[in-house]
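J.: next comes the sequence, and after it the predicted model I'd like to discuss.
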Amino acid sequence: MDEALRDRVRETAETHALLNAVKHDSDPEVGAILGPLMGENPAFREHGDEVAGVAAPVVAEVAEMDTAERRDRLTELAPDRLAALEADDEGDDHPLPELPNVDDYDTVRMRAAPNPNGPWHLGHVRMPSVIGTYKSRYDGEFVVRFDDTDPETKRPDLDAYDAILEAIDFLGFEPDAVLRASDRLDTYYEHARELIDLGGAYTCSCPAEQFRGLKADAEACPHRDKSPATVHEEFDAMVAGEYDAGEMVLRVKTEIEHKNPALRDFVAFRMIDTPHPREAAAEYRCWPMLDFQSGIDDHLTGVTHIIRGIDLQDSAKRQQFVYDYFDWEYPEVLHWGHVQFDEYDVSVSTSRINELIDEGALTGWDDPRAPTIASLRRRGVRAQAVVDAMVDLGMSTSDVDLAMSSIYTNNRDLVDDDTDRLFLVRDGQRLSVTGDHPVAGTPPVHPDHEERGTREIPVDDAVLLESEDVPADEDRVWLKGFGCLSRDGDSLAWESRDIDVVREEGVPVVHWVSAADTEPVRMRTPEGDVAGLAETTLREYDADDFVQFERVGFARVDEPSETGDGEETVVYYAHS
Ligand SMILES: [Zn+2]
């Protein structure tokens, strides 16, 4: 990194540290500003390893300022950003637009319609987050409907029904109703029969390939003008399971010359040989297509507003034909673009995640490498952090990117104040400690909360430091909560407890553990497992407790070991 770039890093780091400090009214930490710093300054990224080191003293200076000093300095450096921050604080702006025509309905009723072919990945979280937010905004209702009418290609996973309901509960929403489409086949059959009576549907035994050709040429097949009596008879035989897959379908009669071929006489029901995995639905062979089923259900269950992907615009158009036959009003529709997630190597896809679990490449849906709710939950990320990030995406019809760092920033805001600090040393290097040093280090449990006391880390004759924190020979280092030492070969020689060396002379502050007694840790992270040694205070924490390993990151205790038995404590890394 050249000097000019170094200056830019310093200045940008100062601005970010100030923004962070003013926003949260707390001391900034390097870890918390690196994400936005790199995000806004691509030129810094190739020097990723050095940036933290250059930023650290600047951040430390900001930490020393009081609130008024921070505001003054920010006014000099970035007045616009301070103003934007203050405007944000006033908070009345919803990231979600008003729903259309709300006054036309007694109750706003929206639905999430998951296919239970697996537990939820992150992409699924947007719908309940947005619907749940609208529900509270309009005092409306939130319906969960399992669209589980494809026993073959999108085969339901029996455990997924409960897993999805649990995920919705975890996210903090309580559905007003839960429906399973596979319980409602008789309702769909009734509506099919009514549609036949209205002249809106016909049974068709054209081989799929042949019908595709006719459709492409905008030509009707010979079955289109059958008498309703014959159509009823054949549809009854479909319902009775008298055909095999591919032998007979029921089509909705639209316009065979419609300019959009996708809307020409589409299939409403087809035969599926594979039994549904739910016992209650195992006998059915005649299954509705999703567009027919969900169109009927939206009307019958009083859904007022539908949100769907921009790529599914044809669905509404197909369903409109059915609604026209029945003389129903179509609900309001909002379309949105796709969400893409950074950070994960695993694609955000139910089938891909299932494959990787089957192959043993992932340990399960809660593997820290999996882009799933179960995984974030196990890592200790709170639901609110995820929901807020999803809602902040708004309702644009273009594709949007969700930076995982925004979820992590939200979570840090939620947990930081309550979370105790600990030291964890990865890749530890042993250095003996010489001189007339204190018998123990006593770093605070939380730097902003003196009343929560200190931890005690005994220092016998040696400590462990992360190798990159080991100072060069004769250089000094400040062991947090202990004091200043200088490197002397394989030893650190005690100097003093005078903090001015950090403030005035820039001696680096590092975390450390006693070499005599530590707690082995296996930290599971999205990039793989990391081993380390923690201070023994970790033994006081139980499963589900959340801790911050200073300068490493936040983590959730997953499996505490028995006190001091040498077994690893397993923790799941959340974020920096
Ligand atoms: Zn036909």
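T.: Sure, I can see it. Numbering: from 1, shown residues only.
J.: please count neighbours and contacts with C-alpha atoms only from this point.
T.: OK.
J.: give the buried residues for the one helix or strand Val51 maps to.
T.: Using DSSP states H and E, Val51 falls within helix 48-64. Using 16 or more other Cα atoms under 10 Å as the test for burial, helix 48-64 gives 51-52, 55-63.
J.: quick one: mean pLDDT over the following helix or strand past it.
T.: Using DSSP H and E, the helix or strand that follows helix 48-64 in sequence is helix 67-77. On average, the pLDDT along helix 67-77 is 88.
J.: equivalent analysis for stretch 162-177, please.
T.: So the average pLDDT for stretch 162-177 ends up being 96.
J.: repeat for stretch 41-52
T.: For stretch 41-52, the mean confidence score works out to 81.
J.: just how off-centre is that stretch within its chain?
T.: 26 Å (Cα atoms, centre = their mean, to the nearest Å).
J.: mind putting the buried residues of helix 48-64 into a markdown table with distance to Arg379?
T.: Formatted as a markdown table, the buried residues of helix 48-64 follow (distance: Cα to Cα, whole Å):
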| residue | distance to Arg379 |
| --- | --- |
| Val51 | 27 |
| Ala52 | 24 |
| Ala55 | 28 |
| Ala56 | 27 |
| Pro57 | 30 |
| Val58 | 31 |
| Val59 | 27 |
| Ala60 | 29 |
| Glu61 | 32 |
| Val62 | 30 |
| Ala63 | 28 |
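J.: can you tell me which of those is closest to Arg45?
T.: Nearest to Arg45, judged by Cα to Cα, of the buried residues of helix 48-64 is Val51 at 8.3 Å.
J.: give the burial count for the residue in the stretch 51-200 of the chain that the ion sits nearest to, as a bare number.
T.: In the stretch 51-200 of the chain, the residue that lies nearest the ion is Gly200 (14.5 Å; Cα to the ion). Neighbour count of Gly200, defined by other Cα atoms under 10 Å: 21.
J.: next one: the one 4 residues further on
T.: Cys204: 22 surrounding residues under other Cα under 10 Å.
J.: please name the bridge partners of it.
T.: Counting by DSSP bridges, Cys204 is bridged to Val249.
J.: was I right about it contacting Asp225?
T.: No: taking contacts as Cα atoms under 8 Å, Cys204 lies outside contact range of Asp225: 10.3 Å.
J.: spell out which residues of the protein are next to the ion.
T.: Contact residues (Cα under 5 Å from the ion) of the chain with the ion: 204, 206, 221, 223.
J.: phi first, then psi, for the closest residue to Asp427 other than its chain neighbours.
T.: In space, and not counting its chain neighbours, Asp427 is closest to Glu466: 5.6 Å by Cα to Cα, 6 or more residues apart in numbering. Dihedral pair for Glu466: phi -70, psi 140, per degrees, to the nearest 10.
J.: partner residues bridging Glu466?
T.: With DSSP bridges as the rule, Glu466 is bridged to Gly428.
J.: right, and it touches Trp512 too?
T.: Yes: counting by Cα under 8 Å, Glu466 touches Trp512, with 7.4 Å between them.
J.: for the stretch 51-200 of the chain, which segments count as helices?
T.: 67-77, 79-90, 126-138, 158-170, 185-197 (DSSP state H, counting those that start in this stretch).
J.: any idea which of these is most buried?
T.: helix 126-138 (a mean of 20; mean count of other Cα atoms under 10 Å).
J.: okay, angle between that helix and helix 158-170 too, please.
T.: Orientation note: helix 126-138 sits at an angle of 40 degrees relative to helix 158-170 (axes from the mean of the first three to the mean of the last three Cα atoms, to 10 degrees).
J.: worst-scoring helix or strand of the protein, pLDDT-wise?
T.: helix 79-90 (a mean of 74; mean pLDDT, DSSP states H and E).
J.: Three-state assignment for Ala280, please.
T.: Following DSSP: H, G, I helix; E, B strand; the rest coil, we place Ala280 in the helix state.
J.: just give the nearest non-adjacent residue to it, would you?
T.: Asp183 (7.3 Å).
J.: same check, this time on Tyr138
T.: Val108 (6.7 Å).
J.: likewise Asp490?
T.: Nearest to Asp490 is Leu431, by Cα to Cα, 6+ apart, at 5.5 Å.
J.: pick out the residue closest to the middle of the chain.
T.: Leu122 (4.3 Å; Cα atoms, centre = their mean).
J.: shouldn't Thr12 be within a helix?
T.: Yes: counting by three-state DSSP, Thr12 falls inside a helix.
J.: that one reaches Pro36, doesn't it?
T.: No: counting by Cα under 8 Å, Thr12 sits too far from Pro36 to count as a contact (10.1 Å).
J.: give me the more crowded residue out of those two.
T.: Thr12 (21 against 14).
J.: which residue is the nearest non-sequential neighbour of Arg551?
T.: Gly31 (6.8 Å).
J.: quick one: residues contacting the one you found.
T.: 551, 553, 576 (Cα atoms under 8 Å, 6 or more residues apart in numbering).
J.: by neighbour count, which of the residues you listed wins?
T.: Counting by other Cα under 10 Å, top hit in the contacts of Gly31: Ser576 with 22 neighbours.
J.: isn't that one right up against Ala32?
T.: Yes: counting by Cα under 8 Å, Ala32 is a contact partner of Ser576 at 6.7 Å.
J.: what about the helices in the stretch 251-400 of the chain?
T.: Using DSSP H, counting those that start in this stretch, helices in the stretch 251-400 of the chain cover 290-300, 313-326, 350-359, 373-378, 383-392.
J.: could the ones you listed be laid out in TSV, adding mean neighbour count?
T.: Output for those, formatted as TSV (neighbours: other Cα atoms under 10 Å):
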stretch	mean neighbour count
helix 290-300	19
helix 313-326	17
helix 350-359	15
helix 373-378	22
helix 383-392	20
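J.: now distance to Pro520 and mean pLDDT too, for those helices, in JSON lines please.
T.: Shown next, in JSON lines, are the helices of the stretch 251-400 of the chain (distance: least, Cα to Cα, whole Å; pLDDT from 0 to 100):
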{"stretch": "helix 290-300", "distance to Pro520": "52", "mean pLDDT": "97"}
{"stretch": "helix 313-326", "distance to Pro520": "54", "mean pLDDT": "95"}
{"stretch": "helix 350-359", "distance to Pro520": "28", "mean pLDDT": "94"}
{"stretch": "helix 373-378", "distance to Pro520": "20", "mean pLDDT": "96"}
{"stretch": "helix 383-392", "distance to Pro520": "29", "mean pLDDT": "96"}
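J.: turn these into JSON lines, columns for distance to Pro116.
T.: Output for the helices of the stretch 251-400 of the chain, formatted as JSON lines (distance: least, Cα to Cα, whole Å):
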{"stretch": "helix 290-300", "distance to Pro116": "13"}
{"stretch": "helix 313-326", "distance to Pro116": "20"}
{"stretch": "helix 350-359", "distance to Pro116": "10"}
{"stretch": "helix 373-378", "distance to Pro116": "15"}
{"stretch": "helix 383-392", "distance to Pro116": "21"}
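J.: neighbouring contacts of the helix or strand that the residue nearest to Asp490 is a member of?
T.: Per DSSP H and E, Leu431 falls inside strand 428-434. Strand 428-434 has contacts (Cα under 8 Å, 6+ apart) with 460-467, 470, 490-494, 515, 532-533.
J.: likewise for stretch 459-467?
T.: Contacts of stretch 459-467 (Cα under 8 Å, 6+ apart): 425-434, 438-441, 510-516.
J.: go on, stretch 476-483?
T.: 438, 440-444, 470-471, 484-487, 494-499, 502, 507-512.
J.: low-confidence ranges, the protein, go.
T.: 87-93, 563-564 (pLDDT under 70).
J.: Arg285 contacts Gly241, correct?
T.: Yes: here Arg285 reaches Gly241: they are 5.4 Å apart, a contact under Cα under 8 Å.
J.: more neighbours: which of those two?
T.: Arg285 (23 against 17).
J.: need the contact list for the more buried one.
T.: 238-241, 271-275.
J.: equivalent analysis for Tyr202, please.
T.: 196, 223-226, 228, 231, 250-253.
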